[in-house]
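Enquirer: sequence-free structure coming up:
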């Protein structure tokens, strides 16, 4: 490749592909409902596979329904350089979450075809099964099976609320493949890049088109139950109360303080609260709530866990209530491969695209793939930081910029 | 009456009557479900009316279904001295709330019959329609109509969820009387006393059998809506959040602080909370909650209202959310008649019953009656302060003590 020549993807074609794919499962408010392994997912997969075949890519499907489309390289011994994401959506999802990463990968292939560029290493674009975890749990199922985090047979046995298994659902939409999960022809990827909308407000606030993703926050989720004593709001003086909600309010404040103490990467969120009996003139005897802690280092998560237990215990004692804390989810923090991160940063620089290093607050398929292969991610801004919402939106110039960074980063590794 | 002789009620008979009435609508856990104007209420009313007639009392029913049972006095010009409460219950109510006051009044009549005591003034025991407000709103309907707070025709037009009106329900159980509400033969009561379980923990904590009730707290209830912005818990840094729940937690703490600043009579309670979308990894964009403020003086309630508006506004600004406060209920504070309160205190002293002055945190029929006649209340402890619950319980010796205080207080006024 001529070092003076910087290839560019076709932004209009990529945008049109996003709109075309977004039409499958389109919702009245401009969003998309294309839940994993439904008939809409079958239609979406079919369209993307058709596009891949039209681009001359070789398509294979693995035993958990992950789809890989390969563009051959010139060196038969070279390991592939890959990209990908997911095309399933939330029930009230948008056109960009996941879909952007897959179609940006396809656009890279189309661009190389247009320009007649052959790479030394093969290139692959993947779409991973059931990233969203809406119908079947766990989330990021396909990439998790690929990475060996989940067993393929166990994952296929997971059932939805109607008792339909992942395996049956895959078979019924025609995507129960034979290829062993995690087996990459020619050996595990030399590098994996995933382009994604940020799903947060940081890039937009900084007015930057590109985020160089250095890692992903680890997550520890908890269920908390606070038990006090129901009592009449009128006859019960403050000093004789065992108010589970007042104690919970103080714990919610503590969750925020604990996260602030772990700036800049600490996150603490209470998103779910259930009050019992939830009657306006009864002092609540029971409150159940969730805690979601995130941090970039496990040591930070450990500090947050300890600080929460200490704070909640003290608050409970003061308020005359009891508290029970159960950890329900744990994702390890992920630091992306330094060389991959550098490639993303270098690509943005070469393209004169203003950028900053960011961390991903959410989980992504790249986080699981990073357990098996060097990986990195590229973020582009989304409107108001909104995602998992029909209002999800992104600017064509940011979508184009992100795909151009993906192109250059992949080319750097594919030679 | 001989000043050396102190008459006593029959505690065993009163207890047995409470158990017999509690058998109508009895629940498996030992509570009572006898909701106003249901067939269970008809049966309960029938039993009490039968007992009143057996005691030689003259029964009348007014246009809102309030029932009055009168024992004649020796002075044809004397105004009656009255007592009463209610016999309807909460869906998961107990045997004592309301029922105690009515049957204690009946026991006063029975005792005077047993002892052959004639009073100068007539005596009345009333049970008021629909104190609990479970099926039909507003609460304390019967005493409110009696006191002129509600219009009788409007109250009869109130409908339950099935569209059945109070008037039709009264007619169907045979209690749509002809007597004008608020019209007392011989003129408005000279005094009204109501015995009631405390429904709170103060007397039990103080180990005292009698509470001399000096007044009832005024109440101001609010609906509060906090609007922020839904966002992903992971990708959204703390500084860029508009977390409606974190703001609400601080407001819940503020409600408690504002009430503490109004010690000893200030009460502040958040009993109801609804979080939207209430998903564990989404920062809540909306929280709706209730505020219940109580205080013994209107000036105190006004201070609490102002303090809340100032605190909530400041918290909302700090958290980048908006807050809307709507007042939905208002009950004026009530100071009971000094002579009636003194009579209760004197009766307890004469009976060597340890007692303290207390205020009622909840509304009672006596609060409405106090708008028309000198009134006072007698509280007895209930187990763990629990009421509106099938676990509601009271000790026979406290029930007996309260009825004896009622007897002496009524006799003091009836001559």
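Expert: Ah, there it is. Computed from a prediction, not measured in an experiment: that's the story for all the values here.

Enquirer: which residue is nearest the centroid of chain A?
Expert: residue A:364 (3.0 Å; C-alpha atoms, centre = their mean).

Enquirer: Which residues are in contact with that residue?
Expert: Residues counted as contacts of residue A:364 (C-beta atoms under 8 Å, 6 or more residues apart in numbering or on different chains) are A:85, A:131, A:140, A:194, A:196, A:216, A:377. Just so you know, the C-beta spots here come from the backbone N, C-alpha and C atoms, and that holds for glycine as well.

Enquirer: Report the residue spans of chain A with pLDDT below the cut-off.
Expert: A:1-4 (pLDDT under 70).

Enquirer: Which segments of it make up each domain?
Expert: The record assigns chain A these domain ranges, following the TED database: A:11-216+A:333-414, A:218-331.

Enquirer: The stretch 251-400 of chain A: strands as residue ranges?
Expert: For the stretch 251-400 of chain A, the strands defined by DSSP state E, counting those that start in this stretch cover A:267-269, A:273-276, A:282-283, A:286-295, A:322-331, A:334-335, A:355-360, A:375-380.

Enquirer: The third one - which strands sit beside it in the sheet, and in what orientation?
Expert: Same thing as strand A:282-283. strand A:231-232 (antiparallel) (DSSP bridges).

Enquirer: so how far is the partner strand from its chain's centroid?
Expert: Its chain's C-alpha centre and that of strand A:231-232 lie 45 Å apart, by C-alpha atoms, centre = their mean, to the nearest Å.

Enquirer: Now for residue A:153, how many residues are close by?
Expert: Here the number of neighbours of residue A:153 (other C-beta atoms under 10 Å in any protein chain shown) works out to 11.

Enquirer: For it, which three-state class applies?
Expert: Recorded secondary structure, residue A:153: helix (DSSP: H, G, I helix; E, B strand; the rest coil).

Enquirer: where exactly do the helices run in the stretch 251-400 of chain A?
Expert: A:298-319, A:338-350, A:365-369, A:396-414 (DSSP state H, counting those that start in this stretch).

Enquirer: Next, the angle from the longest one to strand A:286-295.
Expert: Relative orientation of helix A:298-319 and strand A:286-295, computed by axes from the mean of the first three to the mean of the last three C-alpha atoms, to 10 degrees: 160 degrees.

Enquirer: Could you do the last one as well?
Expert: For helix A:396-414 against strand A:286-295, the angle by the same axes, to 10 degrees is 50 degrees.

Enquirer: Pick out the residue in the stretch 51-200 of chain A sitting closest to chain B.
Expert: Closest residue of the stretch 51-200 of chain A to chain B, C-beta to the nearest C-beta: residue A:200 (2.7 Å).

Enquirer: pretty sure that residue contacts residue A:386?
Expert: No. Using C-beta atoms under 8 Å, residue A:200 is not in contact with residue A:386, being 9.4 Å away.

Enquirer: follow-up on the earlier one: go through the helices of the stretch 251-400 of chain A and name the closest to residue B:368.
Expert: helix A:298-319 (35.1 Å; C-beta to C-beta).

Enquirer: What is the burial count for the residue nearest to residue A:190 when sequence neighbours are not counted?
Expert: Spatially, and ignoring its direct neighbours in sequence, residue A:190 is nearest to residue A:79 (4.3 Å; C-beta to C-beta, 6 or more residues apart in numbering or on different chains). Neighbour count of residue A:79, defined by other C-beta under 10 Å: 20.

Enquirer: Can you list the buried residues in stretch A:96-114?
Expert: Of all the residues in stretch A:96-114, those buried under the rule 16 or more other C-beta atoms under 10 Å in any protein chain shown are A:96-112.

Enquirer: Just put the helices of the stretch 251-400 of chain A in TSV and tack on mean neighbour count and distance to residue B:250.
Expert: Below are those laid out as TSV (neighbours: other C-beta atoms under 10 Å in any protein chain shown; distance: least, C-beta to C-beta, whole Å):
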stretch	mean neighbour count	distance to residue B:250
helix A:298-319	17	14
helix A:338-350	19	39
helix A:365-369	28	34
helix A:396-414	24	36
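
Enquirer: right, so of these, which gets closest to residue B:30?
Expert: Closest among those, using C-beta to C-beta: helix A:298-319, at 29.5 Å.

Enquirer: which other helices and strands contact the helix or strand that contains residue A:211?
Expert: For residue A:211, the host element (DSSP states H and E) is strand A:210-216. For strand A:210-216, the elements it packs on are helix A:202-206, strand A:334-335, helix A:338-350, strand A:355-360, strand A:375-380, helix A:396-414, judged by 3 or more C-beta pairs under 8 Å, 6 or more residues apart in numbering or on different chains; DSSP states H and E.

Enquirer: of residue A:200 and residue A:386, who's got more company?
Expert: residue A:200 (27 against 21).

Enquirer: tell me the contacts of that one?
Expert: A:361, A:362, A:385, B:231, B:232, B:234, B:235, B:236, B:237, B:240.

Enquirer: any idea how far residue B:223 is from residue A:219?
Expert: When distance is defined by C-beta to C-beta, to the nearest Å, residue A:219 is 35 Å away from residue B:223.

Enquirer: Repeat that for residue A:391.
Expert: 27 Å.

Enquirer: same check, this time on residue A:47
Expert: Taking C-beta to C-beta, one finds residue A:47 at 48 Å from residue B:223.

Enquirer: Residue A:311 too?
Expert: As defined by C-beta to C-beta, residue A:311 lies at a distance of 30 Å from residue B:223.

Enquirer: any chance you could read off phi and psi for the residue in the stretch 301-415 of chain A that chain B sits nearest to?
Expert: Residue nearest to chain B within the stretch 301-415 of chain A (C-beta to the nearest C-beta): residue A:361, separated by 3.1 Å. Backbone torsions of residue A:361, given as degrees, to the nearest 10, read phi -80, psi -20.

Enquirer: ok, for the residue located most distally from the centre of chain A, nearest residue in space, not its chain neighbours?
Expert: Using C-alpha atoms, centre = their mean, the residue of chain A lying farthest from its centre is residue A:235. It sits 50.1 Å away. Excluding its sequence neighbours, the residue lying closest to residue A:235 (C-beta to C-beta, 6+ apart) is residue B:200, at 2.7 Å.

Enquirer: same check, this time on residue A:42
Expert: residue A:173 (3.8 Å).

Enquirer: The one you found reaches residue A:44, doesn't it?
Expert: No. The pair residue A:173 and residue A:44 does not pass the contact test of C-beta under 8 Å, sitting 10.1 Å apart.

Enquirer: out of the two, which sits in the busier spot?
Expert: Per other C-beta under 10 Å, whichever of residue A:173 and residue A:44 has more neighbours is residue A:44, with 24 against 18.

Enquirer: The more buried one looks like it's in a helix, true?
Expert: Yes. Residue A:44 forms part of a helix when assessed by three-state DSSP.

Enquirer: gap between it and residue A:36?
Expert: Distance, residue A:44 to residue A:36, by C-beta to C-beta: 10 Å.

Enquirer: any common contacting residues for residue A:200 and residue A:386?
Expert: Counting by C-beta under 8 Å, 6+ apart, the residues touching both residue A:200 and residue A:386 are residue B:231.

Enquirer: quick one on the thing from earlier: now do the shared contacts for residue A:44 and residue A:36.
Expert: In contact with both residue A:44 and residue A:36: residue A:88, using C-beta under 8 Å, 6+ apart.

Enquirer: about what we covered before: neighbour-wise, which of the contacts of residue A:364 leads?
Expert: Within the contacts of residue A:364, most neighbours by other C-beta under 10 Å means residue A:194, with 33 neighbours.

Enquirer: That residue: what secondary structure?
Expert: Going by three-state DSSP: residue A:194 is strand.

Enquirer: what's near enough to touch it?
Expert: Contacts of residue A:194 by C-beta under 8 Å, 6+ apart are A:83, A:84, A:85, A:101, A:364, A:365, A:366, A:369, A:375, A:376, A:377, A:378.

Enquirer: Please, which helix or strand holds the first one?
Expert: Translated: residue A:83. Here residue A:83 is covered by strand A:81-85, with elements defined by DSSP H and E.

Enquirer: what's the closest residue to residue A:253 other than its chain neighbours in contact with, if anything?
Expert: Closest residue to residue A:253 apart from its sequence neighbours, by C-beta to C-beta, 6+ apart: residue B:249 at 5.3 Å. Contacts for residue B:249 were tallied using C-beta under 8 Å, 6+ apart; they are A:248, A:249, A:250, A:252, A:253, A:270.
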